[in-house]
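# Provided below for reference: sequence and predicted model.
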Amino acid sequence: IFSKASSSLEDVGESSSETDEDEQPVRHQEGSTDLSAEYWGIQKLAKYVKGGDPTATVIALCSMRDFNLSEETCQLAIKDTGCLEVLINLLDTEEIKCQTGSLKILKEISQNILIRHAIADFGGLEIMVKILDSPDTNLKCLAAETIANVARFKRARKTVRQHGGIKRVVFTIIRKQHDIKVSLGSSYQAKESETARCAALALWSCSKSTKNKKAIRKAGGIPLLARWLKCSHTNILIPIVGTLQECASEPSYRLAIRTEGMIENLVKNLSSEHEELQMHCASAIFKCAEDEEIRDLVRKHEGLQPLSVLLDNSENKQLLAAVTGAIWKCAISRENVLKFQEYKTIETLVTLLTDQPEEVLINVIGALGECCQEEENRGTIRRCGGIAPIVKLLSATNQALLVNVNKAVGGCAMEPENMSIIDSLDGVRLLWSLLKNPNPDVQASAAWALCPCVENAKNSGEMVRSFVGGLELIVNLLKSKDKEVLTSVCAAIANIAKDQENLAVMTDHGVVPLLSKLANTNNNKLRRHLAEAIAHCCMWGNNRVAFGETKAVAPLARYLKAKDPLVHRATALALYQLSEDPNNCVIMHENGVVKLLLAMVGSTDDTLQEAAAGCIANIRRLALATEKAKYG
Amino acid sequence: ALTRSAKHFTKSEVECLVKLFDTLVAKASSQFAGAGFDRTVFRDTLYNAFGMTDDVVLDRVFSTFDRDNSGCITVVEWVEGLAVLLRGTLEEKMKYCFAVYDLNGDGYISKEEMFQMLKHSLLIQPADEEPDEGVKDLVEIALKKMASTYLFIPFLLQDYDRDGKLSFTDFEKAVRDENLLLEAFGPCLPDIK
């Protein structure tokens, strides 16, 4: 059982392996209608299971295991002869030997998707949950392992939960609370470990459903996971970490992971010899590193270096995807980026830009994008020849990949030397055409990336003009319903408008009324970039007047009441520009702008200071002139 | 001395068992003049204590307890026998069960013996079959499952069909491989419940 490292945390709760099985499976009919030899053999044995006393039943059940139960013909024979139902009925008896014999078979054949759906249909899960209460350890373990197999589809997981299965599985591991570090010498310890292993497998399987994650937590599962995480048996660790990784999409689990010291163990097991365990640990870190405190903990427990080292193992793609994912999310924190620089992680990541499956690429690019927050890395990427492959990926179709690529391109573009390479490879045109992508996340990330491109490109104005229909396209995006798209497009327009010709063209395309329409918003991020855009768009022709006429001024005045200093600065700039027109001054005055701006004249932010002062001066001048006109 | 030979019990447990033994002897007929009790008392005791009902099995259990074949269970035989029944290791239990199933004590469990033990195990007989056919088939199935050691030696593969029987080695191997087969031919150990 494994789940692919999820590249975007938007699919909260259900992991990708869920969706496969939920429809009723269809059986592929074989060509021949002859019943297999296995069918007859099993049917013969089924006779004794159905009609025999416990002694005969046990003999028959033991013989049945001589068939190759991992082969589909046998598995289906058991179902077709009606033996499956009998096996499940046996579970409901009090005969421990019969229950054991039956479960040994069910455990094997439930690997088959048709069989597990049938087991659920026949009410097998409810009975197996009851068996978890049995004092017979062996029986409990078998039940737990079989539940783990059957619970691979949603309905089964729900059934388990509804019949108190989650609680019982958790209690199975709770019952004996002994020190796990005691050596495995005694058979008692071996039994302990085996119970924990089977229960952990059941937990892992069940944890794929959101409600089950909650149920596990409510049943007190988290401290148990923390305790067993400290053990050293790989076959227990894998399902435990698997469960944690599944549940790490829930904030309550992430909190527990932080506070119960689990990061330390996760980091430690990154250095395990077992690749599967390494992968699950990396996946867990990937999921958790959404939280800043966890990113810090990973660094504090020296987890960044083993992650970096694991990049060298590029054969195992699942592992690589998990590791690159973990690195990506950890790189959101600047201190971690600095560490990665020490370990030369960026150089290694650049080598992974080619010949990798998508799930790896998405994370690699994501990581590089985050690393660009440090200036040095932008240069490193260039020196390693990373710019070209990144730009090439702008032609990809995978939307999650594109979002990350855009961010990476934007990050690199902050460096003028990089910018000329990007430009020469037609990168800006590719970015621009991504504005047409139906996915708003792709559009927004493309627009954000365009900001540094426009700012740093040589002959930026000309370049932008060379994109046929480009300005019309971006202005029209102001009609989008998506906040992030609007914000990013405003930011881009603010940059583009620094070129007079382009501003003229945008004005022709109706940028002024479109911007004004957006003014009534409470979203500070949007307000800030909108005000910046307005400020820059004022510098052409009649735009100042037009903004006044399209009622942008009054809403802008309200922005000054926000608590965000970046909003103040952008608004002051806009108001200053708008105040060159007398009508606007009147509106500003009516809206109490003067008082608000006065407070900002004393700001430590020079730009804000000047803009505020300039604006007030304009308003004052008009007032004086009006006075003079009135009284001669 | 008894505590030492019945090493699974503590001293006080042995004392309890001895007391029980004395009670049973007192209840029994005076045939053996207080040295022990006979088959009938033994069977009743086991029925009351462990719910064992099968006559064939109970007879055999008596025989395994009664090591000197005196027809009477002495206190030593009593305590040591119970030691295996209640607290025996897997090895001890395997030897015990095999001895129980080996009805004629010749060191092998033969097809006929298996038939004897299993003949009442088929509760539902298919209408179109001879009643014994089902049991015979079951015996074949059991033999095939447990005498698989014969498969090592090709020429014996034909042999076992003709005089198929289980040696202790076969039985032991089968049980080690699959613990459920310990009481393959009928319950002869007390239930955990």
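Here it is on my side, so go on. The structure displayed is predicted, hence computed values, not measured ones.
# To which secondary structure element type does the residue in chain B positioned nearest to chain A belong?
Relative to chain A, the nearest point of chain B is B:Ile124 (3.3 Å; CB to the nearest CB). Any C-beta I mention is one placed from the backbone N, CA and C, and that applies to glycine too. Here B:Ile124 is recorded as coil under DSSP: H, G, I helix; E, B strand; the rest coil.
# Quick check: chain neighbours aside, which residue is closest to the closest residue to chain B within the stretch 401-550 of chain A?
Proximity of the stretch 401-550 of chain A to chain B (CB to the nearest CB) peaks at A:Leu401, 52.3 Å away. Ranked by CB to CB, 6 or more residues apart in numbering or on different chains and with sequence neighbours excluded, the top spatial neighbour of A:Leu401 is A:Ile362, at 4.9 Å.
# mind listing what that neighbour touches?
Residues counted as contacts of A:Ile362 (CB atoms under 8 Å, 6 or more residues apart in numbering or on different chains) are A:Ser7, A:Asn398, A:Ala400, A:Leu401, A:Asn404.
# Could you dump these into CSV with pLDDT and neighbour count added?
Output for the contacts of A:Ile362, formatted as CSV (pLDDT from 0 to 100; neighbours: other CB atoms under 10 Å in any protein chain shown):
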residue, pLDDT, neighbour count
A:Ser7, 37, 25
A:Asn398, 96, 15
A:Ala400, 96, 22
A:Leu401, 97, 22
A:Asn404, 97, 28
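# Could you count how many residues lie near the closest residue in space to B:Arg87 that isn't next to it in sequence?
Nearest non-adjacent residue to B:Arg87, counting by CB to CB, 6+ apart: B:His8, 3.6 Å away. Neighbour count of B:His8, defined by other CB atoms under 10 Å in any protein chain shown: 17.
# I figured the residue of chain B closest to chain A was touching A:Gly51, is that so?
Yes - counting by CB atoms under 8 Å, B:Ile124 does reach A:Gly51; the two are 3.3 Å apart.
# Next one: stretch A:38-54, is it in contact with chain B?
Yes - Stretch A:38-54 is in contact with chain B by CB under 8 Å from any CB of the partner chain, via A:Lys44, A:Leu45, A:Lys47, A:Tyr48, A:Lys50, A:Gly51, A:Gly52, A:Asp53, A:Pro54.
# what about that stretch, distance to the chain center?
Remark: stretch A:38-54 is offset 50 Å from the chain centroid, using CA atoms, centre = their mean, to the nearest Å.
# Then stretch A:494-513?
Mean-position distance between stretch A:494-513 and its chain equals 37 Å (CA atoms, centre = their mean).
# What residues of that stretch count as buried?
A:494-497, A:499, A:502-503, A:505-507, A:509, A:511-512 (16 or more other CB atoms under 10 Å in any protein chain shown).
# Give me the subset of those lying in helices.
Members of the buried residues of stretch A:494-513 lying in helices (criterion: DSSP state H): A:Ala494, A:Asn495, A:Ile496, A:Asn502, A:Leu503, A:Val505, A:Met506, A:Thr507, A:Val511, A:Val512.
# if we can go back for a sec, neighbour count winner among B:Ile124 and A:Gly51?
Between B:Ile124 and A:Gly51, counting by other CB under 10 Å, A:Gly51 is the more crowded of the two (18 against 12).
# So that one is in contact with B:Ser121, correct?
No - in terms of CB under 8 Å, A:Gly51 does not count as a neighbour of B:Ser121; the distance is 9.4 Å.
# Around the residue lying closest to A:Ile616 once chain neighbours are set aside, count how many other residues there are.
Ranked by CB to CB, 6+ apart and with sequence neighbours excluded, the top spatial neighbour of A:Ile616 is A:Leu597, at 5.3 Å. A:Leu597 has 26 neighbouring residues, counting by other CB under 10 Å.
# mind checking how far A:Leu597 is from A:Cys141?
74 Å (CB to CB, to the nearest Å).
# residues in contact with the residue of chain B closest to chain A?
A:Lys50, A:Gly51, A:Gly52.
# which element is the first one on?
When you say that, I think you mean A:Lys50. Using DSSP states H and E, A:Lys50 sits within helix A:37-51.
# Show me which residues of that helix are buried.
A:38-39, A:41-51.
# For that helix, which helices and strands make contact with it?
Counting contacts by 3 or more CB pairs under 8 Å, 6 or more residues apart in numbering or on different chains; DSSP states H and E, helix A:37-51 is packed against helix A:54-64, helix A:72-80, helix A:83-91, helix B:131-146.
# what about it, average pLDDT?
Over the span of helix A:37-51, the pLDDT mean works out to 86.
# Chain B: strands as residue ranges?
Secondary structure of chain B by DSSP state E: the strands cover B:108-110, B:165-167.
# Tabulate those strands (CSV), appending mean neighbour count.
Shown next, in CSV, are the strands of chain B (neighbours: other CB atoms under 10 Å in any protein chain shown):
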stretch, mean neighbour count
strand B:108-110, 22
strand B:165-167, 20
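# Redo those as TSV? Include mean pLDDT.
What follows is the strands of chain B, written out as TSV (pLDDT from 0 to 100):
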stretch	mean pLDDT
strand B:108-110	88
strand B:165-167	85
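# for these, which one sits closest to A:Ala248?
strand B:165-167 (54.7 Å; CB to CB).
# Quick check: pLDDT value at the residue in the stretch 101-250 of chain A positioned nearest to chain B.
Chain B sits closest to A:Gly101 of the stretch 101-250 of chain A, with a gap of 5.5 Å, by CB to the nearest CB. pLDDT recorded at A:Gly101 is 94.
# Surely it is in contact with A:Leu61?
Yes - A:Gly101 lies in contact with A:Leu61 (CB under 8 Å); the separation is 3.4 Å.
# Between the two, which contacts overlap?
In contact with both A:Gly101 and A:Leu61: B:Leu180, using CB under 8 Å, 6+ apart.
# OK, contacts around the residue in chain A positioned nearest to chain B?
Among all residues of chain A, A:Gly51 sits closest to chain B, at 3.3 Å; criterion: CB to the nearest CB. Neighbouring residues of A:Gly51 by CB under 8 Å, 6+ apart: B:Leu122, B:Leu123, B:Ile124, B:Gln125, B:Pro126, B:Gly134.
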